[in-house]
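# I'll drop the sequence and a predicted model, then ask my questions.
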Amino acid sequence: MTEQDIDRGRQNAIISYITIIGVIIAYYMNNEDGKKSTFASFHIRQSLGLWLTFFALGYIIGSFNSWLVTSAFYLFFTVLFIYGFTNAISRKAEAVPLVGNLYQKIFGNLGS
């Protein structure tokens, strides 16, 4: 990734972490101008993976009826989202711990 690529895709990378709608907006904005940013694509894949995992596991965690389990779940994903968001702001393309490399493999064709 070049500095120009990071500059071009930084805004989309940051937007992708805001909400699940932000992922969709960032994806279309990244593909819109014909100049795809690999930096933005990287963060869009990370964010999409985090959001989909959050919703899938959140459905399961919701059935436990335990504030301790629910709190741990929210804390875990809050830390992962903050990690990805700060990497996007800091202009770094580092995978989110534990699951980031898996997201890059699963969504490898997305935005490439």
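Happy to help now that I have it. Computed from a predicted model, the values in this text were never measured in an experiment.
# Which other helices and strands does the helix or strand hosting L68 contact?
For L68, the host element (DSSP states H and E) is helix 67-89. In terms of contacts (3 or more CB pairs under 8 Å, 6 or more residues apart in numbering; DSSP states H and E), helix 67-89 is packed against helix 3-16, helix 38-61. Placement of C-beta: from N, CA and C, glycine included.
# per-residue confidence averaged over it?
Averaging pLDDT along helix 67-89 yields 94.
# So that it lines up with my notes, have the first residue be 7 from now on.
Sounds good: first residue 7 from here, last item helix 73-95.
# Send over stretch 32-40 as CSV, restricted to the C-alpha atoms.
What follows is stretch 32-40 as a C-alpha-only set of coordinates in CSV (Å, rounded to 0.1, in the frame of the first residue of the first chain):
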residue,chain,number,x,y,z
ALA,A,32,-17.8,2.5,2.5
TYR,A,33,-18.0,-0.4,0.1
TYR,A,34,-19.9,1.5,-2.5
MET,A,35,-17.8,4.6,-2.0
ASN,A,36,-14.6,2.6,-2.5
ASN,A,37,-15.9,1.0,-5.7
GLU,A,38,-17.5,4.2,-7.0
ASP,A,39,-14.7,6.2,-8.5
GLY,A,40,-12.9,3.4,-10.3
